[in-house]
Structure formats: structure tokens, C-alpha cells
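S.K.: Sequence first, then the predicted structure, then my questions.
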Amino acid sequence: MTTITLQRDKCIGCNYCREHAPQRFAMSKKDGKAVLLHARERKGFYIVKVGEAESEFCIRAAKACPVKVIKVAE
């Protein structure tokens with residue numbers, strides 16, 4: 001399992017994460033920031049575990065993020 005972490009308050013809403021991993025990221029209509037789907041919140045960080053099939057897309061999303069608020073850990 002791979003752990004994906006999003007520090008949402010620092011997101012600038014560029015939409016790159018959604019382009020690379022639409023099954024895991026969405027953009028909020030309220031504030032335009034990224035939403036990590038099916039994640040749980042812990043002290044301002046949103047965390048979810050994904051399988052190997054999704055991790056490749058999430059790694060691409062993390063690399064594309066210009067403010068580096070997405071972290072991927074094995």
C-alpha cells in the first residue's frame with residue numbers, strides 16, 4: 001500500500017493533480033483547491049492509502065504539483 005498526503009491549505013488550485021490522477025483528486029467548487037478523495041483529515045493533512053495500480057498516477061500528480069503539497073510514501 002502507498003500513502004498519499006495532501007497539505008490542502010497550501011494548495012494553489014492549479015488542477016495538475018486532477019489531470020494526472022482524476023480517480024483520486026477533485027477540485028473544490030467552494031475554494032478552488034484540491035480535494036483528496038476518500039481521505040481522512042489529521043491536523044491539516046489529508047491522508048489516504050491506495051493500491052499499486054493508483055500509486056503511479058499519484059506519483060505523477062505529486063511531481064507535477066508546483067507547490068509540492070502532495071507527498072507519496074510506500
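M.R.: Structure's in. What do you need? Numbers count the residues shown, from 1 in each chain.
S.K.: Does the spatially most distant residue from the centre of the chain fall in a helix, a strand, or a coil region?
M.R.: Residue farthest from the centre of the chain, counting by C-alpha atoms, centre = their mean, is Lys30 at 17.1 Å. Here Lys30 takes the coil state, with states given by DSSP: H, G, I helix; E, B strand; the rest coil.
S.K.: Please tell me how far it sits from Arg8.
M.R.: 12 Å (C-beta to C-beta, to the nearest Å). For glycine as for every other residue, the C-beta is placed from the backbone atoms N, C-alpha and C.
S.K.: and what of Leu36?
M.R.: Going from Leu36 to Arg8 by C-beta to C-beta gives 8 Å.
S.K.: And for Lys43?
M.R.: Taking C-beta to C-beta as the measure, Lys43 falls 11 Å from Arg8.
S.K.: more neighbours, these two?
M.R.: Remark: of Lys43 and Arg8, Arg8 carries more neighbours, 18 against 4, as counted by other C-beta atoms under 10 Å.
S.K.: I figured that one was touching Tyr46, is that so?
M.R.: Yes. Between Arg8 and Tyr46 there is a contact under C-beta atoms under 8 Å: 5.7 Å.
S.K.: Cool, thanks, signing off.
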